[in-house]
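Asks: My questions are about this predicted structure, shown below with the sequence.
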Amino acid sequence: MQANVFTHILLLLFVGVLFYKIGHGIVRQIKRQKRPNWLVGVSGLVVIIGASGFFAILLVSTGTIPLPNSFEWPAGDVRGVVETSDGKYLVPLVPVGRLQIYDSSWRFLRGWQVDNNGGSFTVDYSPDNEIFVSTSRVQHRYGSVDEARRYVFTENGKLISELIPNSSGVAESGEYISVPTWRLLWIFSSPFLSGGFALIGILGLWAAEKLYGNKTETGTNQSV
């Protein structure tokens with residue numbers, strides 16, 4: 001899903017303001033305590049990490065943050081991985097709209113963005129060393145429709161052709177594989193994982209407010 005320049009600017013402003021609000025809220029909650037609170041600090045860090053993963057996926061998938069072909073995005077568990085005749089692996093990263101290629105030893109070779117309109121896509125491989133990427137038809141909230149597409153790429157990421165297929169869906173293909181990924185970077189592999197991580201942090205902040213906020217207010221009232 002590629003956005004225009006105005007949308008990119010709005011997304012960056014929105015994410016910037018949101019992170020400011022998150023950071024300001026965490027600092028304010030820490031200052032309310034008479035002594036440092038480990039639960040607030042840890043929960044705040046978890047919220048920031050989770051939110052960073054979630055919005056990084058959003059900004060990359062919309063093209064707001066362009067990635068070079070030499071950049072490896074954390075893959076994690078991926079469905080629809082296809083192995084080529086010479087042992088390479090084609091890895092479709094649907095959340096960020098990116099296709100990455102690895103050699104037979106899972107060393108990253110290259111990757112590039114796929115205009116999947118924010119929907120799902122699958123990959124396939126031909127005996128002629130061509131990569132087929134099929135995207136699904138997407139019905140947006142406000143009525144606009146992005147038709148399904150079928151792209152043909154070289155292994156270097158060069159677009160050969162693009163057409164609108166007769167069917168509007170994509171057929172499941174490939175394998176479900178856990179791509180070797182540094183564990184600390186798994187948070188960037190899925191918006192559900194990063195969103196869940198941020199939610200845990202929010203619950204931690206709420207618990208800290210209930211446990212320690214009341215104690216602080218009680219102590220203040222007693223001193224008065």
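Replies: In hand now; what should we look at? Residues are numbered from 1 along each chain as shown.

Asks: Report the buried residues of the helix or strand hosting I177.
Replies: Assigned by DSSP states H and E, I177 falls within strand 175-178. Using 16 or more other C-beta atoms under 10 Å as the test for burial, strand 175-178 gives I177. (Glycine included, C-beta is placed from N, CA and C.)

Asks: Go through the helix or strand hosting L203 and flag the buried ones.
Replies: Per DSSP H and E: L203 is located in helix 191-208. Going by neighbour count (16+ other C-beta under 10 Å), the buried part of helix 191-208 is 191, 193-195, 197-198, 201-202, 204-205, 208.

Asks: least trustworthy position among those residues, going by pLDDT?
Replies: Within the buried residues of helix 191-208, the minimum per-residue pLDDT falls on A208 (78).

Asks: check contacts around that one.
Replies: Neighbouring residues of A208 by C-beta atoms under 8 Å, 6 or more residues apart in numbering: 29, 37, 39-40, 43.

Asks: From G63, how far off is it?
Replies: To G63, A208 is 38 Å away according to C-beta to C-beta, to the nearest Å.

Asks: Now do the lengthiest helix in the chain against helix 191-208, angle only.
Replies: Ranked by number of residues, the top helix in the chain under DSSP state H is helix 5-32. Here helix 5-32 points in a direction 30 degrees away from that of helix 191-208 (axes from the mean of the first three to the mean of the last three C-alpha atoms, to 10 degrees).

Asks: Quick one: name whatever helix or strand follows helix 5-32.
Replies: helix 38-61.

Asks: list the buried ones in that next one?
Replies: 40, 43-44, 46-61.

Asks: helices or strands next to that helix in the packing?
Replies: For helix 38-61, the elements it packs on are helix 5-32, helix 191-208, judged by 3 or more C-beta pairs under 8 Å, 6 or more residues apart in numbering; DSSP states H and E.

Asks: Nearest to L163 among those would be which one?
Replies: Closest to L163 of the helices and strands packed on helix 38-61, according to C-beta to C-beta: helix 5-32, at 26.4 Å.

Asks: picking that back up, can you tell me the strand partners of the strand holding I177 and which way each runs?
Replies: strand 77-83 (antiparallel) (DSSP bridges).

Asks: how is this protein carved up into domains?
Replies: Split into domains by automatic domain parsing, the chain comes to 5-63+191-223, 77-180.

Asks: I'd like to know the average pLDDT value across the longest one.
Replies: I take that to be domain 77-180. Here the average pLDDT along domain 77-180 is 86.

Asks: Give me the distance between the two termini of that domain.
Replies: End-to-end span of domain 77-180 (C-alpha to C-alpha, to the nearest Å): 9 Å.

Asks: chain center to that domain, what's the gap?
Replies: Centroid separation between domain 77-180 and its chain, computed with C-alpha atoms, centre = their mean, to the nearest Å, is 16 Å.

Asks: out of the buried residues of helix 191-208, who's nearest D103?
Replies: L193 (26.2 Å).

Asks: quick one: contacts for the closest one?
Replies: 53, 76, 186-187.

Asks: what's the answer for D86, then?
Replies: Contacts of D86 by C-beta under 8 Å, 6+ apart are S104.

Asks: how close does it get to I101?
Replies: 11 Å.

Asks: for R79, same thing?
Replies: 17 Å.

Asks: now swap in Y89 and tell me
Replies: Counting by C-beta to C-beta, the gap from Y89 to I101 is 7 Å.

Asks: And for L159?
Replies: 15 Å.

Asks: So for these two, which sits in the more crowded spot?
Replies: I101 (20 against 13; other C-beta atoms under 10 Å).

Asks: Appreciated, that's everything.
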